[in-house]
Every structure is written in C-alpha cells, then in structure tokens.
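Novice: Have a look; sequence and predicted model below, questions after that.
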Amino acid sequence: MGVLDPLVELGRGLWTTLKMIFERPVTFQYPEEKREVRQRYRGRHVLKRYDNGLEKCIGCSLCAAACPSDAIFVEASENTDEKRFSPGERYASTYEINMLRCIFCGYCEDACPTEAIILGDNYELSFFDRRSAIYTKEMLLEPVPATAMLTPQKVEPGKYNRRSVPEMKDPAD
Amino acid sequence: MSKQVKFTIDGTQVTAPEGMGVVDAAKMAGIDIPVFCHHPKLEPVGMCRMCLVEIGRPMRDRATGQFVIENGAPKIQFLPKLETACTNKVEEGMVVLTQTQSGKAKDGQKGTVEFLLTSHPLDCPICDKGGECPLQNLTMAHGPGKSRFIYDEKLRLGKRVPLGELIVLDQERCIQCARCVRFQDEIAGEPVIGFAERGRAMQIVSFSDPGFDSVFSGNTTDICPVGALTTVDFRFEARPWELEAAASICTQCPVGCNTTLNTRREAKAGGDFVVKRVMPRQNEEVNEIWICDKGRFAHHYTDSKKRLIKPLFRKDKKLTRASWDAATKLAADHFLAAKKDFLILASGRLANEDLFNLKSLADLSGGKAYLYSHMGGGELTSLVGVSNGTNFGSMGKGNTIIVVASDLYEEAPIWYLRVKQAAERGATLIVLNPRETKLERFATHALRYDYGDEAKFVHDLGKKGKVGEAFTSAENVIILFGSEGLGAAGTASLASACAKLLNDNGFVGKPNNGLIGVWERANDQGAWEIGFHVEEDLAKALKGKAIYIVGADPVADDPKLAKALGGAEFIAVQDVMETETTEIADVVLPAQAFTEREGTLTSGERRVQRFYPAVPPTGDSKPDFSITSQIARHMGIILEGTLVSAVFDILSDSIKSFEGLNYARLAEVKEQLPIVGRGDLYYGGTTYENTQGLGAHLSAAATRGETVSIPRVHASREAAPHPKEKELLAVPINKLYDRGTTVLASDLLHERIGDARVALHPETAKRLGFEEGQMVNVSFNGTSGDAVVRLDESISHGIALVPRSMGIAIREPVPVKVRSKVKA
C-alpha cells in the first residue's frame, strides 16, 4: 500500500461527484413539482360516474365486505325518478372511507360490480386529526363538468329504473 | 309414534316415519336435497323442479304381488326419468340417488337452475336477499357457471310493486314457487295473495283491500327463496352479512314470540347501533318459525327521538335535568313521607325482575303495588293456568280449545295461528263471542251471547247439549279468555267462571289443560304471579297518593285518570319515552328499552323466557330493576340492583311457581324439528335457529298438587249497564294496531292504525242517521272524543264497538251518547 493511495481513492470519489453534477437530477421538488405515478398505482379512491353524471356506485356494500381492514362504511337508500343518484333502485346515501385504516390493497376495486370505485393517483393523504381522515361520498365522487350533471338528477320516468349492474368486459390493464 | 320405514339414500340406510317426504327424510339424515318451492311447514307441490332425484322402488311380480328377488335382495326398479323428492313419500325399500351419487340428478338440477335464471335479473348486488338468498346459494352449488341466454332478452317487469303498504314485490326476481301464496292459504288461513295469468306471464297479485291485508304478511319475506318479497322496513337498509344478531322476546303481546334482533351501526342515527329488523327465532312450542307484523314492525319506539335520556325533576315548576342520585333521592323522600299512601303503578311491559323489585319495595315500605291493566282474573291463571308440557302444537283430535271474549287474530295473532292449526288437526274449537271474529271460520262450534252475559254463559257451558259434550268428553281442555267488552271486574268474574268450569271437570294440573289469559301486555302474567293486583277503581285509588308509575301512560289513556293524577301528592314516572304522564311528573326516570338490557318475561302460556341486550343503552338510562333498587336504597331498603340474574334467583326462591328456575335453565335448548336457520336457508327460510334458550314453564298451584279453590262468581258484577233511550252501549274491543306509545312510533304502521272509530250495526246507524265514514262525537261520564263511523253487520243492535287505545278512553262497557259532529 503506497502513501498516495488515499489520495487516489479520494480523487476517485470526487470524480464520481463531479460526474453527477452534470447528470439530470432524480429529486423532485415536491410540492412545486409532482411526480407522475404508474398506471396501476393505488392511490386515494375515486367514485366514478357515468357519462350523464349518474353515480356508478349502487350502494351494494360489497367493497365494505371485501375490505380487509374494515375501512369502508356504506349505507344505502332507494332512488326515485325525481331524485336519482344512480341507475336502478339503490344508491349509496352514505359512503365513507377511513384513509387511516385503508391499506390500499385494491380489493374494493375488485369487488365492485359496477366499476364505481377506482384507486386513483392521489397520494397526498395526511391529516391533522383522525376525523379528517374519513373521506365522505362528496369528497370521493368524481367532479362533473356541468352542474346539470350533479346528482341527484330528475330523470325521465322509467328510463333508469332497471339494470343497476352494467354489462362489463373482462378487465384489461 | 307413527310407523317407521327403512329406505336407502345415497347408499346409506335411513329410517323415517311413514308418509314423510323424501326431502324431509333426507334432511333428517343429514343429506341436503336442494329445494325452492318446498317448505317443511307447507304441503309439497313440486312446482320448482329443483329437487329432482332418481328414485327406485322394489319391483313386484305382477301375478303374485310379491317382491322380485334378485341375488338375494329385492330387485330395484328405477323410473326412466327423474322424480321430485318433495312430493314423493318415503316407502319401505325405496332407493334414492341424489345429486351427489347420480349424474342424471345433478344434470337435472343444473338444468332447473339455468331455466329459473332465464328470467331472473341477477341484480344480487342491490338485492336485499343477497347474502342470505337460497337462489344465490343453490346456483353457486348446483347451477351452471354461465347462462346460454342473452341478458337483454330477459323479461322486464315491475321492480317495485307494492302488494300492501308493508310488503313490496319485485316481479322480475320472483321464481313462482308459491311459498308466499301457500303460506297465506295454508298457515295464515287468509288467501289474500295469489297468482294471476299463466305461463311466463304468471305474477303474484294481492286481492284484498287494503293490499296484503294480513297480520302475518312479513313471514312471506322470510320464506321467499329469492328477493322478490321485501319489507318496507328493511328495503335497502343493510346487507345481511353486516348485521349482528341478538336473541330477544317480542314485547307486544302475551304470546312471547322468540325473536332475533338484527342490529347495525348507522350514520343516520349518528353512528349509534340500531335495530334494523326483527326476525323470528324458532321455538316450536311458542311461535314455531313465525311472528306477526306488529312484532316485526313495531320496534321503532326503541330508537325514537322521544326516548328519555337523562333523569329530570321539577324545579320552579319546570322539569330540569338532575343527577341520578338527586332524582332518586327526591322520589325516595316523598315515598318515605307518604308511608301508607305510597303507591306503585306498574305495567306488564316490564320484565319479571323489575316487577319483583317493585313488589318487594311496596311490601317492605308498607305501600301498595297495582298492575296497570284493564283485565282482572290473573290470580286464577296462577292457580289453574297451563303448565309444563303445554303446547298448542301437540293438541289435536280429542282435545278442546275454548276461546271466550277474545278476538285472537287482533289480540294475539300467533295464538290465533296455533289454535287454528290445532283445530285443523282435529281439535274441537269452541269460540264464544258476541260478534263474528276471524277465528270462527275454523271453529267446530261458534256461540253468541250478549255483552254482559259472559260469565253466566261460560258457567252453563257444560249443560249446552253438543257443545257441553264436546267439552266434558274431551281429553284435554284449554280455555283462553279475553277482555272483549269487559273491564277489570268483568274479566275477573269471567276468569273465575272459566276456572271453575275447568276445575270442576278436572281439566287442571295436566299438560295441555288449564286457563290462559289473553292479556293486554307481554308480562301481565308475570305481574300476577309476582303478586300484583288490578284495582277496579283506579281513579279513586290514585287520589292524594305518592305514586311511582312505571312503564305506563295513564294520562294519555284516560282523562279520568289524568284528573285523578292531578290530585296526587307526588308523581315519579319511570319510562322509556316521553309521554303525557312524564309531563305532569315531579320526577322522571329514564329506563332502558328491552333491546338494551337483559331480563325475563312470562308469556300468557306461563313460559318464562330470556331476552338479551342487542344495542347499547340510550343516554343515561338504566334498567328498571336497577332504578327501583336505587330508590329503595334511599328509603333504607336493600334490593339487588346490579345483576339481573341475581334478582331472578331471589325471585325464584321467594315465589313458588318460579321454583327451580334460573338463567342457565332458561337458556337450555333442545333439538327442534324441522331444522331451520343453519347454513341451509333454502329449507326453512331466514328464520333463526334457537341457540339461546327455549325458556321454561312456571308450575301452577294445580300441578303442584295443592288444593285449588275458585272464588265464587259475583252475580252482581256481571250485568252490563243498561243504556237509556237514545244511548248506545259502548263496548271496548282490542285492536292489533292501536295508538299505543309503542306502536305509534313506527311510522310505517300508521296507515294500518287509522283513526279513532266506532263500529255500529247498519240498522243502528240508520236509526241514528249516521253513514259510513261520518265523523261523530262519542260522550260518556263527562268525557268525550271524536270518531269515524264504521258499519259492521256482525255486531248486535244498540251496541257501539269502540277499540281500546284509539283515542276514546274506554275501559269497560258504558252507556254513551253518539252525536253527529257538526263541522266547524
């Protein structure tokens, strides 16, 4: 071992540093800059709507049954043509997810017979108290482009009173 | 015991009673044959074709009629096609191959499921039956994985067709098994629903007005094998797997039906646990697997907004919140000061333990304890009441059941059902009533008497030719007496006439013999056993006393009592809800409802049964026995107030008829047939299995071998008052859905409850110039009320029938003036 060896090693290390200065940085300047997530990323849930604004969720509570951490609470009520939330007879009058309990496993997505609940791309879930960790239906529902598409809607009698569960294709990625 | 036959099913030798269906026999042997239309309580019809199996019978030689023997055993001949296991009865030597052994049977069942699903919407995610649905379960077990039919070509029918205001039909889901139609026809005896059209167009319709006019309608939703029939109460309210279950006893009438309360936390109720539905729990000696609609739907008072949550006392003429200690101390001080003028008025809504503590308090403090009821005669049901071994379900040929002064259909629907079935099995049913009642259609003898003649009529029953013979020659006799047209004094003398008749002819002290009171409330029998009495002139007794009212609302019930209470020294009211009586009280003590606590009730059949807590207590409420004990402690009397089973132990030590009973004994169960409520919902419906106790009978003085002496019937008490000219004799009758505090809180029953009414014979009405539906004013003894006139041909002239608890405070027959009401 020579006397100059430590200097060689030091030089090698500094060379790596010097090299990296000219590389593109991997750090994101969060929160100014936000990272795109992968297509199958499981973030905060979103309750989807049909094109006409009606909610896909029919309040069947199967997501709550599938949930391994008992994070979902659903209460259902009956639709009328005067006040319609979803196709068919039943809609979720209460829909709550406790984000502190949720383990983002995606079982709710799998269990949903109408593809109403989707784990989205929002990962910004931090709270100052436990109560605000409970997301209500209003917070989870997808926004609509026009106020006329908000639920409840007054619809043509008899148009949506059947077929609460739509026909679905085999899931593709 | 009937003849037993041996047969083979799936290679196992099984013995079963002759005449039993193959499905039921297989079930007893632990082999499941899937069914939709068959139900163990109904006659088989073979409509759904789900139970297809291969059946082989021993071959007979045509010439000799002897069995053909092959290889030392009878030769078995199978039919070329599958047969329904429900309609075929077991035979000696029969060989049955079910879906597990026979590919043919398996294929047949698979085909049946596929056909049933051709017009089924498969909307399981929104269906209330989803999770406890026989069609869902059997499709998973026996059906094909895929349908060859196109969804959009399925039938499109009504999704929300109300059959009445309580039951809703989904025509798409219905698989036309006719269980509901057959239940109404065979079990309830009220064919108010049926099939219209034929083939693919066949649908359930209701013929009656109002729709589905039966008090048993809720049971059809239990036995419906799909989600076609739903109750308005539970529709879209929760999924079955989210519900928790607690065993309970119905508190609406003296039958004491075993129920299961399904509870769930609810956001609408602020995150509290609430009772979502009431389901029957099997007890073949009490309610089998049925309950009436009142029991099923009238539970809403327990989570009413009017529940009392904090103790209150009167300060500066206003009721203000107080601590438990302050409120009970105030009550105790007044009761102590009152000495002999301390009076307890308790109703039969309370549990045995509550009543026992109240009675002990009265006895130890020198006060009096009265039962709040319009019926007397309970001392006699303790003496010669029915006892161990009594079961309407075991009564048939050679037995006699007498129903007097009671409309069982309106007062105790499940007894109506059971008595009707006993009559159909061959029991002699004698119905004595001044007017036609629903039970009469099944009676062997139906006799009429005039209001006021009840006791005399019963007294002479033995001498009445055929009827007398039917009575005296019977093996066993049960008499049910009620309070139609009778007050406390009238029922007491009727009861003693009935008791004397039974005792003189030896129909006491044996199973299926004795007297049953069709009481006003669930635990009136318990109150009588514990030593409570009914005061005939309650208004007089209340004046100037320090009164402790528990579970009763005398102010709303009767203006006369309200006036009497106005003159009381001090009033403490202990109840579950705000009532008109709590408004005038000096101290208000919030009690827990039966859904929130543990206890026991004594049914009219003298069966003690346990109920269990289902939901947490409301507010600061406490169980009744505990509140009583707290007051007692302030009065220097020690009563058990923490452990309800300990109160029961003291009770069973001190009261003879309860001897030997304890909570463990009451929780005992035994195997009951048919087997229902396990994993096999397809068989018995969604009724719960009884795992928490069948209860036990009290002993009667007659069963203990004590000498029984029946007090003489007071002739002077019998006669009904004679109305003067231009007056009518108003007679109180009992109605199932009344305006009582516990019923009125259920909004969905309001249409069935209706308005205050008075029923008259068409001719009486004509004479007075009244028409159907007219508003009239009924007045008597200084009180009056408005009512709607209803015409009824079955009642006598000069009589006005007034339902109790319907706005006109009538406790016993009185002459009334009925005037047409001038519209203001």
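Specialist: That came in fine, so what should we check first? Numbering: from 1, shown residues only, chains lettered A, B, ... in the order given.
Novice: dump the residue contacts of the residue in chain A that chain B sits nearest to.
Specialist: Nearest to chain B in chain A, going by C-beta to the nearest C-beta, is residue A:60, at a distance of 3.6 Å. Every residue, glycine included, has its C-beta placed from N, CA and C. Residue A:60 makes contacts with A:74, A:76, A:90, A:113, B:125-126, B:130, B:239, as judged by C-beta atoms under 8 Å, 6 or more residues apart in numbering or on different chains.
Novice: now do residue B:248
Specialist: By C-beta under 8 Å, 6+ apart, the neighbours of residue B:248 are B:258-261, B:278, B:594-595, B:611-612, B:614.
Novice: Narrow these to those in helices?
Specialist: Among these, none falls in helices (DSSP state H).
Novice: and chain A, which residues reach chain B?
Specialist: Proximity of chain A to chain B (C-beta under 8 Å from any C-beta of the partner chain) is limited to residues A:58-62, A:64-65, A:73, A:75-78, A:88-90, A:93-94, A:96, A:113-114, A:161-162, A:164-165, A:167.
Novice: Please repeat the previous calculation with a cut-off of 6 Å.
Specialist: Listed as neighbours of chain B in chain A under the rule C-beta under 6 Å from any C-beta of the partner chain: A:58, A:60-61, A:75-76, A:78, A:88-90, A:94, A:113, A:161, A:164-165.
Novice: For these, work out which two are farthest apart.
Specialist: A:94 and A:161 (22.2 Å; C-beta to C-beta).
Novice: out of these two, which sits in the more crowded spot?
Specialist: Taking neighbours as other C-beta atoms under 10 Å in any protein chain shown, residue A:94 and residue A:161 compare with residue A:161 leading, 18 against 15.
Novice: Next one: the more buried one from residue B:441, what distance?
Specialist: 41 Å (C-beta to C-beta, to the nearest Å).
Novice: Now the longest helix anywhere in chain A: average pLDDT?
Specialist: Using DSSP H, we find that the single longest helix of chain A is helix A:5-21. Mean pLDDT, helix A:5-21: 93.
Novice: Which residue ranges of the stretch 551-700 of chain B form helices?
Specialist: For the stretch 551-700 of chain B, the helices defined by DSSP state H, counting those that start in this stretch occupy B:554-557, B:559-566, B:580-584, B:624-634, B:644-654, B:663-666, B:681-684.
Novice: Columns mean neighbour count on top of those, output as CSV?
Specialist: Below are these laid out as CSV (neighbours: other C-beta atoms under 10 Å in any protein chain shown):
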stretch, mean neighbour count
helix B:554-557, 22
helix B:559-566, 18
helix B:580-584, 18
helix B:624-634, 24
helix B:644-654, 19
helix B:663-666, 15
helix B:681-684, 22
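Novice: Please identify which of these is closest to residue B:702.
Specialist: Here helix B:644-654 is closest among these (C-beta to C-beta), at 19.4 Å.
Novice: Tell me which other helices or strands the closest one touches.
Specialist: The contact analysis (3 or more C-beta pairs under 6 Å, 6 or more residues apart in numbering or on different chains; DSSP states H and E) places helix B:644-654 against helix B:352-365.
Novice: Chain A: strands as residue ranges?
Specialist: A:45-47, A:72-78, A:90-98, A:117-119, A:134-135 (DSSP state E).
Novice: and the third one, which strands flank it?
Specialist: Translated: strand A:90-98. strand A:72-78 (antiparallel), strand A:134-135 (antiparallel) (DSSP bridges).
Novice: that older thread, okay, the residue of chain A closest to chain B and residue B:213: tell me how far apart.
Specialist: 33 Å.
Novice: do residue A:9 as well
Specialist: 98 Å.
Novice: out of these two, which sits in the busier spot?
Specialist: residue B:213 (16 against 10).
Novice: so what's the residue of the stretch 401-550 of chain B found nearest chain A closest to, chain neighbours aside?
Specialist: The nearest approach of the stretch 401-550 of chain B to chain A comes at residue B:413, 28.7 Å away (C-beta to the nearest C-beta). Among residues not flanking residue B:413 along the chain, residue B:292 sits closest, at 3.8 Å (C-beta to C-beta, 6 or more residues apart in numbering or on different chains).
Novice: and if you look at residue B:169?
Specialist: Nearest to residue B:169 is residue B:161, by C-beta to C-beta, 6+ apart, at 4.5 Å.
Novice: do you know how far that neighbour is from residue B:196?
Specialist: Taken as C-beta to C-beta, the span from residue B:161 to residue B:196 is 12 Å.
Novice: Residue A:103 too?
Specialist: 53 Å.
Novice: How about residue B:136?
Specialist: In terms of C-beta to C-beta, residue B:136 sits 27 Å off from residue B:196.
Novice: Point me to the residue of the stretch 551-700 of chain B nearest chain A.
Specialist: Closest point on the stretch 551-700 of chain B to chain A, by C-beta to the nearest C-beta, is residue B:615, at 16.7 Å.
Novice: Nearest residue to that residue in space, please, no chain neighbours.
Specialist: Using C-beta to C-beta, 6+ apart, the closest residue to residue B:615 is residue B:273 (4.2 Å).
Novice: That neighbour: neighbouring residues, count only.
Specialist: Count around residue B:273 with other C-beta under 10 Å applied: 17.
Novice: That one falls within a strand, correct?
Specialist: Yes - checked against DSSP: H, G, I helix; E, B strand; the rest coil, residue B:273 lies within a strand.
Novice: what are the bridge partners for it, then?
Specialist: Assigned bridge partners for residue B:273, using DSSP bridges, are residue B:265.
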